[in-house]
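# Quick check, what structure comes out for this input:
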Amino acid sequence: MILIVNKYLLSNKFRGISLWPFVIIRDKKDARDLVLLNHERIHLKQQLELFIIPFYGWYLTEFIIRYFQTRDFKRAYRNISFEREAYVNESNLKYCISRKRWNFTEYLNLKNKEN
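Okay, here's the model as predicted:
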């Protein structure tokens, strides 16, 4: 993980984003936020297992599907399987060590909806 701090690369709505192998955060203080960094580290794992470029295609496709289901930008974003996995497990700082490959697929079904 290569950490970049730059408030101009992200909108005010986001504190961080993972673009393999980089994690870009808006504020220097977030470099000490272990939960935020773990959330982004989970995304790096997801990106690697999907060979990076297909991850972004899947992410965008799933966002569009979720948007049509919810008609709400924030709910669509929070219900993307990659985000659901990351939000549910971000506080478990050992999650990336024990995480099973392709575990985000467990979060595809909205019947197990967290948000």
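# chain center to stretch 67-83: distance?
How far stretch 67-83 lies from its chain's middle: 12 Å, per CA atoms, centre = their mean, to the nearest Å.
# Revised request: answer the last question for stretch 32-51.
The chain centroid and the centroid of stretch 32-51 are separated by 7 Å, computed with CA atoms, centre = their mean.
# What strands line up against the host helix or strand of residue 3, and which way round?
Secondary structure from DSSP states H and E places residue 3 in strand 2-5. Paired strands of strand 2-5, with direction, are strand 22-25 (parallel) (DSSP bridges).
# hmm, back to that, name the helices or strands packed onto the helix or strand just after the strand holding residue 3?
Next helix or strand after strand 2-5 toward the C-terminus (DSSP H and E): strand 16-19. Here strand 16-19 touches strand 22-25, helix 34-49, going by 3 or more CB pairs under 8 Å, 6 or more residues apart in numbering; DSSP states H and E. C-beta here means a position set from N, CA and C on the backbone, and glycine is covered the same way.
# before we move on, back to that, only alpha carbons, please: show the strand holding residue 3 as CSV.
This file holds the C-alpha atoms of strand 2-5, laid out as CSV (Å, rounded to 0.1, in the frame of the first residue of the first chain):
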residue,chain,number,x,y,z
ILE,A,2,1.3,3.4,-1.1
LEU,A,3,-0.3,6.1,0.9
ILE,A,4,-0.9,9.5,-0.7
VAL,A,5,-2.3,12.5,1.2
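# For that strand, which outside residues touch it?
21, 22, 23, 24, 25, 26, 27, 28, 30, 31, 37 (CB atoms under 8 Å, 6 or more residues apart in numbering).
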